[in-house]
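Asks: Here is my input, please return the structure:
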Amino acid sequence: MSDARTPAQIEADIVRRREQLAVTLDEIGVRMHPKTIMGDAKAKVASTVDETAGRAYVAVNRVVADVKAGLVTEDGGPRLERVIPVALLAVGVVGLIVLSGRGKRRK
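Replies: Just a heads-up that it's a prediction; the model follows:
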């Protein structure tokens, strides 16, 4: 069987392939345009930052919940045996910071 095509069919096939090639080249041009590349990079960075921030939020939230569980009873009251040492430690750290700041200003 021979695939005998008419000149009109061949010409129509060439026109169709040129149009397909033009579309493909346009798509490549858009993909390779610096603005497109920068936009894609920015979107990827934003997505990564959002994902990282989300993970950090979850981790911090978990730590806060754990600390709260250690300092508060199930009914919401403070556990004084744990709250008082933490409060004293916080006051001591703040005191050291204030004292070290005063020493630097005098020099």
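Asks: just how off-centre is the strand or helix carrying Val23 within its chain?
Replies: Assigned by DSSP states H and E, Val23 falls within helix 7-32. Computed by C-alpha atoms, centre = their mean, to the nearest Å, the chain-centroid distance of helix 7-32 equals 39 Å.
Asks: The helix or strand hosting Ala87 packs against which elements?
Replies: If you go by DSSP H and E, Ala87 is part of helix 80-106. For helix 80-106, the elements it packs on are helix 34-71, judged by 3 or more C-beta pairs under 8 Å, 6 or more residues apart in numbering; DSSP states H and E. In short, each C-beta sits where N, CA and C put it, glycine included.
Asks: low pLDDT regions in this protein?
Replies: 1-2, 103-107 (pLDDT under 70).
Asks: State the distance from the most centrally placed residue in it to Asn61.
Replies: What sits nearest the mean C-alpha location of the chain, by C-alpha atoms, centre = their mean, is Val49, with 1.9 Å. Separation of Val49 from Asn61 (C-beta to C-beta, to the nearest Å): 18 Å.
Asks: which of the residues in stretch 68-83 are buried?
Replies: The neighbour-count check on stretch 68-83 (16 or more other C-beta atoms under 10 Å) flags nothing as buried.
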